[in-house]
Each structure stands twice: as C-alpha cells, then as structure tokens.
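> have a look at this fold, sequence not included:
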C-alpha cells in the first residue's frame, strides 16, 4: 500500500506500507519530506506521480516504486494542478490544470512515451461587458 502522510513530516511524504507489517517503524519512504509540500499523488504505470508545491508553482514529479526520481511531467505554470485518481495498474496518468487565464483542463500523460494530450477542456463562454 502507498500512502501520503503528515506523520513526522509537516510537508508530507509518500510511504510504502506493508499490510503484513503496518506499524510505523516498518514504513518505507518512497518520496521523503522536503522543503516543498507534497499536495497529492497517484500511482500509474508502475510510477508514483506527486504534485509538489514550490512557492507558488506546482510541478509533478515522477518516481519509481523504490523512490528513484524519474523526471517530471511537463505541465503549465501559473495555476493549480490537481492529480486525478488513476488505475494503479493502468499505463496512463491524468491531472487537471486551471488558472485565471486557462479554463479547467484535464491532461492525459503516457509515462512510457512521454506523450501528453488534452483529454478534455471545459468550454467557458466569455461575455464582454458593454
């Protein structure tokens, strides 16, 4: 089991918990706590994706299940990123992005190919004031 916790980590960390030995002393860090806050995470394609807040920017970092960094997902800056729950056995990763100038958009990322596509975008009608 993989979990996000604040236990002994105010900025959060992501840990692996063996259901046969769930005691905290047996937890293993996949992504340890840093100065940046881990906002959310998902597992897909054998990787852990973590939305990490650094100042006002959010980046999505990728790690393998042993905790080795595997790069980042290219995502827009200047807005909010929200990781969607994913099928841990699936090979696609989904996240949403929104900002003052961008409508809510859901992206699909394929960690095997690095391909990223807009999966859906909210159509927001713009009404000009007279």
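Received it, and whenever you're ready, just let me know what you need. Note that this is a predicted model, so its numbers are computed, not measured.

> residue 9 - how many residues pack around it?
18 (other C-beta atoms under 10 Å). Where you see a C-beta, it was placed from the backbone N, CA and C, and this is true even at glycine.

> so what pLDDT did it get?
The model reports residue 9 with a pLDDT of 96.

> ok, now the one 3 residues further on?
On pLDDT, residue 12 comes in at 97.

> please verify my assumption that it contacts residue 4.
Yes: using C-beta atoms under 8 Å, residue 12 is in contact with residue 4, at 5.8 Å.

> mutual contacts of the two, please.
residue 38 (C-beta atoms under 8 Å, 6 or more residues apart in numbering).

> which one of these two is surrounded by more residues?
Using other C-beta under 10 Å as the criterion, residue 12 and residue 4 rank with residue 12 on top: 23 against 15.

> in contact with that one, which residues?
Residues near residue 12 by C-beta under 8 Å, 6+ apart: 4, 5, 6, 33, 37, 38.

> can you select the buried ones among those for me in ChimeraX?
Of the contacts of residue 12, the buried ones can be selected in ChimeraX as follows, counting by 16 or more other C-beta atoms under 10 Å:
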select :5,33,37,38
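
> farthest pair in the contacts of residue 12?
Pairwise distances across the contacts of residue 12 peak at 12.8 Å for 5 and 37 (criterion: C-beta to C-beta).
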